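Participant: sequence first, predicted model second:
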Amino acid sequence: MASSKGGPSHAMALARIAIGVMFLFFAQYKIFHTEFAHGGYAKYVGSYVNESAVGFYKPFLRLTLQHQVLSGYAVGVAELLIGLSMVAGFAVRPFSLLGALFMLNLTLCTWWRVPHGADYWKFLGNELDNIPLMLLFIVFFVHRAGQTLGFDK
């Protein structure tokens, strides 16, 4: 994945920017429309607590539901900061860690969407929307992806 200069490749930079644009789309909905913070967050997290979250993670999710409007906007701001960082290539390492933790959070929230007693591979297969993004953020961190086409030079 290295360029001829020994830094991250242009392909990694383009992947980083594309992920950033996706996060900006997610953030704009949550920040500029009140539906998510004022009801949507509680709906999603409530269903995670009742249906799909890993058992040890449910107390944390219940805690966020006590401040659902703040938590809803916090999710949007986190997505905004991750998106801006990835697009601009600025502070990519710390925001890649935040992105990896964000995706780990979603994985823990949605792990049990497969019926209990199902084959273990189905649990992993059900997380193909979360785990690959988490791994990509780790790659961005390790390879200092903000150094190519970004301000982390």
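Facilitator: Good, I have the coordinates.
Participant: pLDDT value on Ala2, please?
Facilitator: According to the predicted model, the pLDDT of Ala2 comes to 48.
Participant: report the buried residues of the longest helix along the chain.
Facilitator: When secondary structure is assigned using DSSP state H, the longest helix within the chain turns out to be helix 10-32. Within helix 10-32, the residues that count as buried by 16 or more other CB atoms under 10 Å are 12-13, 15-17, 19-20, 23-24, 26-27, 30-31. The C-beta positions use only the backbone N, C-alpha and C, and glycine is treated the same way.
Participant: what helix or strand is Pro132 located in?
Facilitator: For Pro132, the element it lies in under DSSP states H and E is helix 131-142.
Participant: could you name the helices and strands sitting against that helix?
Facilitator: For helix 131-142, the packing partners by 3 or more CB pairs under 8 Å, 6 or more residues apart in numbering; DSSP states H and E come out as helix 10-32, helix 92-110.
Participant: mind saving the C-alpha coords of the helix or strand of the chain with the lowest mean pLDDT as PDB?
Facilitator: In the chain, no helix or strand scores lower on mean pLDDT, DSSP states H and E than helix 120-125, which sits at a mean of 79. Presented in PDB, the C-alpha positions along helix 120-125 are these (Å, rounded to 0.1, in the frame of the first residue of the first chain):
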ATOM      1  CA  TYR A 120     -21.100 -18.600  14.200                       C
ATOM      2  CA  TRP A 121     -20.200 -17.600  10.700                       C
ATOM      3  CA  LYS A 122     -23.700 -16.100  10.300                       C
ATOM      4  CA  PHE A 123     -23.000 -13.600  13.100                       C
ATOM      5  CA  LEU A 124     -19.900 -12.400  11.300                       C
ATOM      6  CA  GLY A 125     -21.700 -12.400   8.000                       C
END
